[in-house]
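# this one's structure only:
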């Protein structure tokens, strides 16, 4: 165990130094918290793409001009707009697909079943439920599929510096891999549920139901940010959205300025897109949007 901790202390700062040294040219990683919550919402260029549970989970869009349209009859999860393509997992087949925003040129991207797909720098990273929850990747054109890691993994986070995940076999401790699957290292010997890696921090919910953050370089102790958290946590930019007592809250990434956004209880499927928080309530088909100030509530469709 000590050897792995030392390895982590050597590996993680090196990865962060690489990121800093690339002059900001590395593409931004996906909002992993959104994908790990189902990936039912994506915003790009003012257009909103979403899974419409009022229409059996089919892929829809609300364009910047307010036009709403169906894009595909597929039951879409893990939605991501990257470049000119929309990437997603189809629940019916379990496989990855991509298509154009007008619904044309649909392509199946390999034969693997995939969960929590995350697109980064020409690859789609995912967990393969048919291979003991191992981490895989495939090129965005569907070629070159390869296994990166044999172990059981959860809460996949693909970032510019590498891959982070929780290891259920070791108490959901936080681990790191390079993008090619090498360099495995223990980062944090703590129970990490709802893991979100953002910048130089890991955000998670601990065994006591607290939202916490811990530095990825190991130079400091975990900090509790909020008590009584539920099953959903998303970090994007300078904001954290989480569920407490069944309702949606937000706060800054340092735990300051907490605000309850909705009185509605039994919230599920929490996401951040742009300056808004999106969620479903238990059993509800409509997606609800609320601003970070608790205003501007709207239902989709």
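That came through, no problem. In this text, all values refer to a predicted model and were calculated from it rather than measured experimentally.
# partners of residue 250 in the sheet?
Following DSSP bridges, residue 250 is listed with bridge partners residue 241, residue 259.
# wait, it sits on residue 277?
Yes. At 6.4 Å, residue 250 counts as touching residue 277 under the criterion of C-beta atoms under 8 Å. Any C-beta I mention is one placed from the backbone N, CA and C, and that applies to glycine too.
# Which one of those two is surrounded by more residues?
residue 277 (27 against 21; other C-beta atoms under 10 Å).
# check contacts around that one.
The neighbours of residue 277, taking C-beta atoms under 8 Å, 6 or more residues apart in numbering as the test, are 234, 241, 248, 250, 261, 270, 271, 289, 290, 291, 292.
# which stretch of helix or strand covers it?
strand 276-281 (DSSP states H and E).
# just residue 34 next, same as before
Going by DSSP H and E, residue 34 is in helix 32-36.
# how far out from the middle of the chain is that helix?
Relative to the chain's own centre, helix 32-36 is displaced by 2 Å; criterion: C-alpha atoms, centre = their mean, to the nearest Å.
# packing partners for it?
Helices and strands touching helix 32-36, by 3 or more C-beta pairs under 8 Å, 6 or more residues apart in numbering; DSSP states H and E, are strand 115-120, strand 154-159, strand 193-198, strand 229-236, strand 267-273.
# chain center to the strand holding residue 277, what's the gap?
15 Å.
# what's the helix or strand just after it in contact with?
For strand 276-281, the following helix or strand on the C-terminal side (DSSP H and E) is strand 287-291. Contact partners of strand 287-291, identified using C-beta under 8 Å, 6+ apart, comprise 40-41, 50-53, 248, 261-262, 264, 275-281, 296-301.
# How about stretch 46-61?
So stretch 46-61 is contacted by 38, 40-43, 62-64, 68-77, 79, 81, 86, 88, 91, 101, 273, 278, 280, 284-287, 300-301 (C-beta under 8 Å, 6+ apart).
# give me that answer again for 6 Å
The contact list for stretch 46-61 (C-beta atoms under 6 Å, 6 or more residues apart in numbering) reads 40-42, 62-64, 69-76, 79, 285-287.
# quick revisit: any chance of the helices and strands packed on helix 32-36 in JSON lines with mean pLDDT as columns?
Listed next are those as JSON lines, based on pLDDT from 0 to 100:
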{"stretch": "strand 115-120", "mean pLDDT": "97"}
{"stretch": "strand 154-159", "mean pLDDT": "98"}
{"stretch": "strand 193-198", "mean pLDDT": "97"}
{"stretch": "strand 229-236", "mean pLDDT": "95"}
{"stretch": "strand 267-273", "mean pLDDT": "92"}
